[in-house]
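> test case, fold it:
(one chain, ligands or ions: 1)
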Amino acid sequence: MNNESMINTLLERIQKETGIVLKRDTDREKIQRFIENGGEIPKDFEPLSSALINLITVNETYFERESYHFDRLINEILPNIETASPILPIRVLTAPCSSGEESYTIALRILAMGKKISRPIEIVGIDISEEMIYKANRGCYSERSVHALSQEVLEHYFFQTEEGYRLYPIEEISIHFITGNLFDDKLWEDLGDFDVIFSRNMMIYFDADKNKELLLNFKKHLKGYLILGHADDHLNAKKIFTPLRGEGGNIYTL
Ligand SMILES: C[S@@+](CC[C@H](N)C(=O)[O-])C[C@H]1O[C@@H](n2cnc3c(N)ncnc32)[C@H](O)[C@@H]1O
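Here you go, the predicted structure:
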């Protein structure tokens, strides 16, 4: 197989398995360089390597991104969910979580509420990039990543290291991160159901069919609210879920 057809086969496989559509010349060049530098091309029966996944994913994120969603989570969504049995944890999924800023923003916002929520809270973050999940578990962030946090939050929950702002361990809320592909049925088998699913700024990299498949996966595991980014696939979301009324939209229920 020549380089050109090798790249085409790989791009098709990436789209089919991860949803990510790589159409730009710069994407092809990236793959080309990867091959030229000796990057392993997975055989048909082999999974896509983490090196390749890290190369093709766009992991842009920061604390308090699209912060109106967190306002609504705290002021409206969590109080609504609270009414169920006090022993049951409230479960929040952040998929994708990238390097963890979104999951930790939720945790920090909940901590700021004090004891207003009496149920235990569990936050699960999933991302296909092993490198991002490693960063999420380390919880150490650049100035850029924390730019939207107040000085008060920074001083209270982070300590400064040579590498950046590192979070103190959060004990009150269970937070864990999983490397996984949201199109992998096996990933979903053990995840259980969620009261809230955040899925922001990933669908923009997929096509409409994959977005529909993803939204249907979410539907099987959602008990409460789905929160999408402003540029995600609202056409499909409106067909599958019911939009929630009010300011700061992009929120859906079953
Ligand atoms: C731009 S980030 C969005 C992060 C965060 N939700 C936010 O809005 O700031 C998109 C993330 O989607 C992840 N991703 C792409 N395809 C995925 C898939 N099939 N399964 C899980 N994560 C995926 C990428 O690794 C990347 O970290």
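> list the contacts of residue 165.
By Cβ atoms under 8 Å, 6 or more residues apart in numbering, the contact set of residue 165 is 140-143, 145-146, 154, 158-159. Every C-beta, even on glycine, is put in place using the N, C-alpha and C of the backbone.
> make it 6 Å
141, 146, 158 (Cβ atoms under 6 Å, 6 or more residues apart in numbering).
> quick check: closest non-adjacent residue to the last one.
Excluding the flanking residues, the one nearest residue 158 by Cβ to Cβ, 6 or more residues apart in numbering is residue 165, at 4.2 Å.
> tell me what the one you found is bridged to.
Using DSSP bridges, the bridge partners assigned to residue 165 are residue 141, residue 160.
> which of the contacts of residue 165 has the largest number of neighbours?
residue 141 (24 neighbours; other Cβ atoms under 10 Å).
> now it: how far from residue 154?
Between residue 141 and residue 154 the computed distance is 10 Å (Cβ to Cβ, to the nearest Å).
> and residue 22, helix, strand or coil?
Assigned with DSSP: H, G, I helix; E, B strand; the rest coil, residue 22 falls in the coil class.
> give me every residue that touches it.
Residue 22 neighbours (Cβ under 6 Å, 6+ apart): residue 11.
> change it to 10 Å
7, 10-12, 14-15, 28, 30-31, 56, 205 (Cβ atoms under 10 Å, 6 or more residues apart in numbering).
> could you do residue 252 as well?
Applying Cβ under 10 Å, 6+ apart, we find residue 252 in contact with 197, 215, 218-219, 222, 224-228, 234, 237-238, 240-244.
> got the phi and psi for it?
Per-residue torsions, residue 252: phi -130, psi 160 (degrees, to the nearest 10).
> now swap in residue 40 and tell me
Phi and psi for residue 40, reported as degrees, to the nearest 10, are phi -70, psi 130.
> wait, is residue 155 part of a helix?
Yes - per three-state DSSP, residue 155 lies within a helix segment.
> now it: how far from residue 172?
Counting by Cβ to Cβ, the gap from residue 155 to residue 172 is 18 Å.
> same check on residue 158?
16 Å.
> narrow the contacts of residue 22 to just the buried residues.
Neighbour-count burial (16 or more other Cβ atoms under 10 Å) applied to the contacts of residue 22 gives 7, 10-11, 14-15, 28, 31, 56, 205.
> quick revisit: overlap in contacts of residue 141 and residue 154?
Listed contacts common to residue 141 and residue 154 are 63, 165; contacts here mean Cβ under 10 Å, 6+ apart.
> tell me which residues of stretch 241-252 come out buried.
241, 244, 248-252.
> which single one of these is nearest to the ligand?
residue 250 (11.5 Å; Cβ to the nearest ligand atom).
> in a strand, that's where residue 175 is, yeah?
Yes - applying three-state DSSP, one finds residue 175 inside a strand.
> that one and residue 111 touch, don't they?
No - at 11.2 Å, residue 175 does not count as touching residue 111 under the criterion of Cβ atoms under 10 Å.
> looking at the two, which is more packed in?
Taking neighbours as other Cβ under 10 Å, residue 175 and residue 111 compare with residue 175 leading, 23 against 15.
> what pLDDT does the residue lying closest to residue 138 once chain neighbours are set aside get?
Nearest non-adjacent residue to residue 138, counting by Cβ to Cβ, 6+ apart: residue 166, 7.8 Å away. Looking at residue 166, its pLDDT stands at 98.
> residue 166: how many residues sit nearby?
Residue neighbour count, defined by other Cβ under 10 Å, stands at 14 for residue 166.
> common neighbours of residue 175 and residue 111, please.
With Cβ under 10 Å, 6+ apart, residue 175 and residue 111 have common neighbours residue 121.
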